[in-house]
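>>> Need a 3D model of the sequence below.
(chains A, B and C)
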Amino acid sequence: MGFYIVQVLTGLSSAAALFLVASGLSIIFGVTRVVNLAHGSFYMLGAYIAYSLIDLFGRGGLGFWGGIVLAAVAVGMIGAIVEVLILRRVYQAPELFQLVATFGVILVIQDIALLVWGAEDLVGHRAPGLTGAVDIMGTPLPAYDLALIAISPVVLAGLWLLFNRTRWGTLVRAATQDREMVGALGVNQAWLFTGTFFLGSMLAGLGGAVQLPKGGADLLMDFNVIAAAFVVVVVGGMGSIFGAFLAAVLIAELNAFGILVFPEITLVLMFLVMAVVLIFRPWGLLGSPEAPGQKGQQGPPEQPLRPAPVRVQMAGVAVVGFLALLPVVAGPFALVLTVDILIFALFAVSLHFIMGPGGMVSFGHAAYFGGGAYGAALLIHYANSNMESAMALGPVLAAVLALVFGWFCVRLSGVYLAMLTLAFAQVAWSVVFQWNDVTGGDDGLLYIVKSAWADTAQSWVPFYLLTAVLCLSAMLFLRRVLFSPFGYAMRACRDSELRSHAIGINVLEQRWLAFTLSGVAAGVAGSLYVFSKGSAFPDYMSIPLSFDALIMVLLGGVKTLLGPIVGAVTFTWIQDEISRFEYWRFFLGLAIILLVIAFPQGIAGFGRRYLGPWFGIRAEEAQ
Amino acid sequence: MTLVVDGLFKAFGGVQAVNNVSFRLDAGELLALIGPNGAGKTTCFNMLNGQLRPDAGSIRFFDNELAGVAPRKIWRLGVGRTFQITATFGSMTVRENVQMALMSYHRRLFALLPRAAALYVDEAMALLDRVGMADQADRPCSVLAYGDLKRVELAVALANEPRLLLMDEPTAGMAPKERVELMALTADIVAERKIAVLFTEHDMDVVFGHAGRILVLNRGQLIAEGNPAEVRENDQVREVYLGAELGHA
Amino acid sequence: MLEVTRLHVFYGRAHILADVALSVDKGEVVALLGRNGAGKSTTLKSVIGLLRPADGEIRFDGEPIAGQPSHVICRKGIGYVPEERRVFSDLTVLENLEVGRQAPRTGLPSWTTDRLFDLFPNLAELRTRPAGRMSGGEQQMLTIARTLMGNPRAVLLDEPSEGLAPVIVEQMAATITELKRAGLTVLLSEQNLRFATRVADRAYIIEKGRIRYEGTMDALMADESVRSAYLTV
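Just a heads-up that it's a prediction; the model follows:
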């Protein structure tokens, strides 16, 4: 009996950090509509800064708790600075564009943390007076767990009072619904946003700081917590603090007991919970549907699709010619880089297909890229397949994943859909990561050999040409689909779901097939990638790779068809150039932030505006 | 009889939004549904078009029961709709909006290779011509004047050769002159194609000028039904809806 | 009191307002008439700062306000009541009013919730009801009350009668007359000519982003040719 009680309490105590991080994320998103990918980084900073402060203040009661509180405040201030210096400049950009900037922040913070605190994991200080264990019916429970259990309700009550009993809280809740209107009623939105960022980041910092005695501090905390935090926010319902609390408890308890029953699937468990909750309550446990319209896209509406003008077609032919002649002039290094660029261009184009014209944002597109990669790798390893058939059949695994995950995802919209895609990608990643016997786990599947004719030990030219032909054909096929009735129907579902239903379009089926097509194209890219690298690793399905694709699409410009290609070329090339330096993440992050500020419509959007007329692209029509 | 609505009920959280509403509608008829804000017009409408499932009651459309059927299936049975706030595809041209409806009607939605812009051009242009929008066929819908958008919606609603048109505040947001023109156009089309029309409306000029028959809803119940003259003189309607002065057309 | 000159506004590359000029004197009720998409809402949004004019001047009490953020303009004493109501639907009536509250202004008696509940008796009974669960007419009253909590000297009303039942439209007209009596300056956009006639002193007609007519309400009603060109049948 005591054992089970302790298990319940352990679950409650691990809910604390999760709740703190998730509530901060939810508050920031609610008011500013920024999906703050850097929220995990704030959590990590909370742990590191608390570590240093406690060292500084001494390990007495005041030093410990003072260090934790000050660390939270410091992280809050860092969040506020990020908002003022970076995000404030890009609020006018299309929706979701801000998350590119927050991705840059992640990279910058990673390297700063590495520089300041080193690569070694830090073991947290123990809380003075709470170092022992409490005996509960014969089973010991760490005393500090009791403190953690107390923290969540206290913070929850504090937030409730703040939001329901203060003017600031009322303004924040109003801004969550209609921030423009709040401004027109005389409230300075800028400070409201900064205040929200301070509060949200502070909660993340507090979450990182309070778990220090239990979990310590390490450089992987940021990505490890962000997926869990997204899950909690979505399960609880966007914008609902109490929902976040319920969801954090639910997930932490499921983990605490799940680990007893099926230790292998704990990583997957929380994502399964999320999938189940969203099927029955598409807006989370305590959330409400997002009001359409008011929070939609910023800026002028998208223009009708027109066939490419002659000059654009000629430019396209010139690019193909250049790619065909490249092996004559370029050495193997340039060919390897171009292979990477082509593969990522297809990956980005496949994401853009559902994200732009389809209106379905995926935060977990690496699932299908990795699906294609592992599909091919498994065929080579277990079916003695040759390269050609593995490459052809590999994407089938991506298709199956996209069909299954897509069936759930297309029922949702907006940020809920995005979060669910992320959750499913994590499920896929966890399976690959933990199923050692089949996938090789973290060690991956090695020795994915190419056929003799494409052997890169001899020459990269044949494999390069194969990649170029496959990637270009796949991209052209997706482009063709956009101009077909299917592509039109997909855009119709995005433009007006109401009208689509009213002219007999089965919106779910339409979106489901679009999702699957996109997954297959990503799978083709993945199966090429696995042969170009000669091995398959769980990284190919990981969140960072999903985010890379997202950054390519947004950086390039989501409202143009060329955007994802321009984004993929820029991002892959910059990454290749920069990654030779030490602390390259810092500079890559900085480069991303600068690009975001310089090109708020995306690079291709910018190019279209200034070069478009010369290429014969029609200007928007005036009313 | 095109439409026979019988004993419709719908409650939200204890509030009876629609309470035992029954009426009939015949081909070629323009029937107006009016009432104060919150009287249940929209709820009633949304049950007819499939967005809401009634708690009780039946909606017979020729030989089909519509209660609880999905909107897209109701459309396939031959019910066209226009919306209070226009719903068109902003990233498409005027013609493409109509072509989209035609592609759906001809069940070509899953074709991956044909060029959509080349399909059903003549049919689309004929419909646009009928509503007076042929000259603007190539303009993006996102830049149209509001009154023109309403015409596009009408053309889209006609794409499946409907036998019933549901129009939610068809003239909301239009200038008085445009309102009359749009309703006159609707009345012409209804007469030539023998379509039945049910519409809600707040503009009394439109209601009393164009409706053949009027239903008045208040607190979820029908309080009056009749031709414009009868409804105008109804004391209860005057009290709860028309008011003393501004209501008079 | 409010003076707009040479106002040009673009949306993307669409030229929405071209050389709009209008003025409203203290204590006046002025109607801006025209159909949807003519530029009425755009004009009001430009005045309150929700849209940034490409060119032109907007002066309030002689002070230039064009291009400033909306909260700054609002704090100078201009209240804005949007079309389509835009109440904060999860917030109660009292909380909605709280969002609009600003410090009292010298020169005019300040609005309190009690005084507003006298003006809008319906709202008094609904103090703690979430705005999302009120009827369209009640919501429209709430948006006006919310704006008045900011103690504005001038109010911009965007289509106050749109989508309301005729009886509620009458109440709305009475409310605007009441505001005028309380000393407020009002600029409203409207399509309902009858309603405008009832409340306004002067009118402008806007069509395709340009002002086409300017005159007193009486003159407009007498001018059959103008009305038939832009407004009625």
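>>> Check which residues of the biggest helix by length in chain B are buried.
Ordering each helix of chain B by length in residues (DSSP state H) puts helix B:176-193 first. Within helix B:176-193, the residues that count as buried by 16 or more other Cβ atoms under 10 Å in any protein chain shown are B:176-183, B:185-187, B:189-190. For glycine as for every other residue, the C-beta is placed from the backbone atoms N, C-alpha and C.
>>> Among those, which ones lie close to chain A?
Judged by Cβ under 8 Å from any Cβ of the partner chain, the overlap between those and the neighbourhood of chain A is nil.
>>> Any chance of these in JSON lines with pLDDT as columns?
What follows is the buried residues of helix B:176-193, written out as JSON lines (pLDDT from 0 to 100):
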{"residue": "B:Pro176", "pLDDT": "74"}
{"residue": "B:Lys177", "pLDDT": "76"}
{"residue": "B:Glu178", "pLDDT": "81"}
{"residue": "B:Arg179", "pLDDT": "84"}
{"residue": "B:Val180", "pLDDT": "85"}
{"residue": "B:Glu181", "pLDDT": "87"}
{"residue": "B:Leu182", "pLDDT": "90"}
{"residue": "B:Met183", "pLDDT": "91"}
{"residue": "B:Leu185", "pLDDT": "93"}
{"residue": "B:Thr186", "pLDDT": "93"}
{"residue": "B:Ala187", "pLDDT": "93"}
{"residue": "B:Ile189", "pLDDT": "93"}
{"residue": "B:Val190", "pLDDT": "91"}
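>>> tell me which element A:Ile109 is part of?
Counting by DSSP states H and E, the secondary-structure element that holds A:Ile109 is helix A:97-117.
>>> so what secondary structure elements neighbour that helix?
Other elements packing on helix A:97-117 under the criterion 3 or more Cβ pairs under 8 Å, 6 or more residues apart in numbering or on different chains; DSSP states H and E are helix A:39-57, helix A:221-236, helix A:543-556, helix A:584-598.
>>> switch the cut-off to 10 Å
Helix A:97-117 sits against helix A:39-57, helix A:61-85, helix A:221-236, helix A:543-556, helix A:584-598, with contacts defined as 3 or more Cβ pairs under 10 Å, 6 or more residues apart in numbering or on different chains; DSSP states H and E.
>>> Would you mind listing the outside residues contacting the next helix or strand after it?
Sequence-wise, the next helix or strand downstream of helix A:97-117 (DSSP H and E) is strand A:133-136. Residues outside strand A:133-136 that contact it (Cβ atoms under 10 Å, 6 or more residues apart in numbering or on different chains) are A:1-6, A:8-9, A:139-146.
>>> if we go to 8 Å?
Defining contact as Cβ atoms under 8 Å, 6 or more residues apart in numbering or on different chains, one finds that strand A:133-136 is touched by A:Gly2, A:Ile5, A:Val6, A:Leu9, A:Pro140, A:Leu141, A:Pro142, A:Ala143, A:Leu146.
>>> Now go through the residues you listed and say which are in helices.
Where those overlap with helices, as defined by DSSP H, the overlap consists of A:Gly2, A:Ile5, A:Val6, A:Leu9, A:Ala143, A:Leu146.
>>> Show me which residues of chain A sit near chain B.
Looking at chain B, the residues of chain A close enough under Cβ under 8 Å from any Cβ are A:300-305, A:480-481, A:483-489, A:491-492, A:494-496, A:498-499, A:501-507, A:510, A:513, A:620-623.
>>> err, chain C, not the other one
Proximity of chain C to chain B, by Cβ under 8 Å from any Cβ, involves residues C:14, C:34-38, C:135-137, C:162-170, C:173, C:191, C:193-195, C:198, C:230-233.
>>> try 7 Å
Counting by Cβ under 7 Å from any Cβ of the partner chain, the residues of chain C lying close to chain B are C:14, C:35-37, C:135-137, C:163-170, C:191, C:193-195, C:231-233.
>>> Show the buried residues in those.
Neighbour counting with 16+ other Cβ under 10 Å marks C:35-37, C:135-137, C:163-170, C:191, C:193-195, C:231 as buried within the residues of chain C next to chain B.
>>> show me where pLDDT drops low in chain C?
For chain C, the stretches with pLDDT under 70 are C:12-13, C:106-108, C:231-233.
>>> Where do the strands of the chain begin and end?
Using chain A here. A:133-136, A:139-142 (DSSP state E).
>>> That was the other one, I meant chain B.
Taking DSSP E as the criterion, chain B contains strands spanning B:3-12, B:15-25, B:30-34, B:56-61, B:64-65, B:79-82, B:164-168, B:196-200, B:213-218, B:221-226.
>>> Turn those into TSV, columns for mean pLDDT and mean neighbour count.
Output for the strands of chain B, formatted as TSV (pLDDT from 0 to 100; neighbours: other Cβ atoms under 10 Å in any protein chain shown):
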stretch	mean pLDDT	mean neighbour count
strand B:3-12	94	18
strand B:15-25	93	18
strand B:30-34	94	23
strand B:56-61	96	17
strand B:64-65	96	12
strand B:79-82	93	26
strand B:164-168	94	23
strand B:196-200	95	25
strand B:213-218	94	22
strand B:221-226	92	18
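>>> Now render those as JSON lines, adding distance to chain C.
As requested, the strands of chain B are arranged in JSON lines below (distance: least, Cβ to the nearest Cβ, whole Å):
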{"stretch": "strand B:3-12", "distance to chain C": "9"}
{"stretch": "strand B:15-25", "distance to chain C": "9"}
{"stretch": "strand B:30-34", "distance to chain C": "8"}
{"stretch": "strand B:56-61", "distance to chain C": "23"}
{"stretch": "strand B:64-65", "distance to chain C": "31"}
{"stretch": "strand B:79-82", "distance to chain C": "15"}
{"stretch": "strand B:164-168", "distance to chain C": "11"}
{"stretch": "strand B:196-200", "distance to chain C": "11"}
{"stretch": "strand B:213-218", "distance to chain C": "10"}
{"stretch": "strand B:221-226", "distance to chain C": "13"}
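>>> Surely A:Ala247 is in contact with A:Leu286?
No - contact criterion Cβ atoms under 7 Å: A:Ala247 and A:Leu286 do not qualify, at 8.7 Å.
>>> Please enumerate the shared neighbours of those two.
By Cβ atoms under 7 Å, 6 or more residues apart in numbering or on different chains, A:Ala247 and A:Leu286 have these common neighbours: A:Gly236.
>>> how much space between A:Val400 and chain C?
In this structure, A:Val400 lies at 41 Å from chain C, with Cβ to the nearest Cβ, to the nearest Å as the measure.
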